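Engineer: build me a structure from this.
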Amino acid sequence: YAGNRDNLPSEESISDKFEIYHGNNGRRSAPLPSGTLSITKQVEGNPGAGEPTAFTFEITANYVNGGNVTGTVNGVTFTNGVGTFDLKAGETKIFPIQPITQDGVAWSVKETEELTSHPDGTGWSTAVSVTGETVTAGEDEKSASGTLTPGGSEAVTFTNTYTTPTGTLTVRKDVAGDVN
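Structural biologist: Residues are numbered from 1 along each chain as shown. Okay, here's the model as predicted:
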């Protein structure tokens with residue numbers, strides 16, 4: 001926006017466009033690019049009966065220059081910047097981030113499903129990547145975070161791997177009496 005401080009638009013009138021004024025020649029405007037945050041769920045292994053088929057996620061989104069994302073975005077309702085949704089194996093949820101601020105949107109997403117893993121390495125393990133790069137998280141943390149700027153995109157993938165427990169079966173036959 002060009003002009004002096006007395007002409008600045010109010011926050012309510014800010015849109016997703018920028019405008020350039022050319023003196024007496026008029027003005028030009030163009031939309032700011034939007035960004036996208038995609039979250040994908042992958043499941044590897046054969047979890048079998050009784051294991052979850054849908055996984056719950058919590059997403060938090062706040063404007064970098066202040067304020068929470070509110071309303072419904074792609075079927076997810078945000079209250080005070082927080083929303084929840086479920087994904088099954090192979091599904092992706094895409095959040096288009098509207099460019100109401102040049103500073104972007106700070107986001108974090110966490111898988112909230114409690115999955116069982118065992119000391120012997122069987123059960124569930126989780127890996128998280130953001131745009132192809134593995135995220136190092138705490139032992140029980142299944143989360144990722146970042147800042148999405150206008151025109152940018154981030155792809156988060158949560159991969160749960162199920163390792164089937166294995167065991168040993170021993171068969172023994174005892175024969176009693178005369179075998180002749």
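Engineer: show me where this protein has strands.
Structural biologist: Secondary structure of the chain (DSSP state E): strands at 17-21, 27-31, 35-45, 54-63, 71-73, 76-78, 82-88, 92-97, 105-111, 123-130, 133-134, 143-148, 153-163.
Engineer: how far does the fourth one sit from its chain's centre?
Structural biologist: Centroid separation for strand 54-63 versus its chain: 6 Å, with CA atoms, centre = their mean, to the nearest Å.
Engineer: packing partners for it?
Structural biologist: strand 35-45, strand 76-78, strand 82-88, strand 92-97, strand 105-111, strand 153-163 (3 or more CB pairs under 8 Å, 6 or more residues apart in numbering; DSSP states H and E). (Glycine included, C-beta is placed from N, CA and C.)
Engineer: using PDB, write out every CA atom in it.
Structural biologist: What follows is strand 54-63, C-alpha atoms only, in PDB (Å, rounded to 0.1, in the frame of the first residue of the first chain):
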ATOM      1  CA  ALA A  54      -8.400 -44.400  11.200                       C
ATOM      2  CA  PHE A  55      -5.900 -42.100  12.900                       C
ATOM      3  CA  THR A  56      -6.800 -38.800  14.700                       C
ATOM      4  CA  PHE A  57      -4.700 -35.600  14.200                       C
ATOM      5  CA  GLU A  58      -4.700 -32.200  15.900                       C
ATOM      6  CA  ILE A  59      -3.700 -29.200  13.900                       C
ATOM      7  CA  THR A  60      -2.900 -25.800  15.300                       C
ATOM      8  CA  ALA A  61      -2.700 -22.700  13.000                       C
ATOM      9  CA  ASN A  62      -1.900 -19.100  14.000                       C
ATOM     10  CA  TYR A  63      -1.200 -16.100  11.900                       C
END
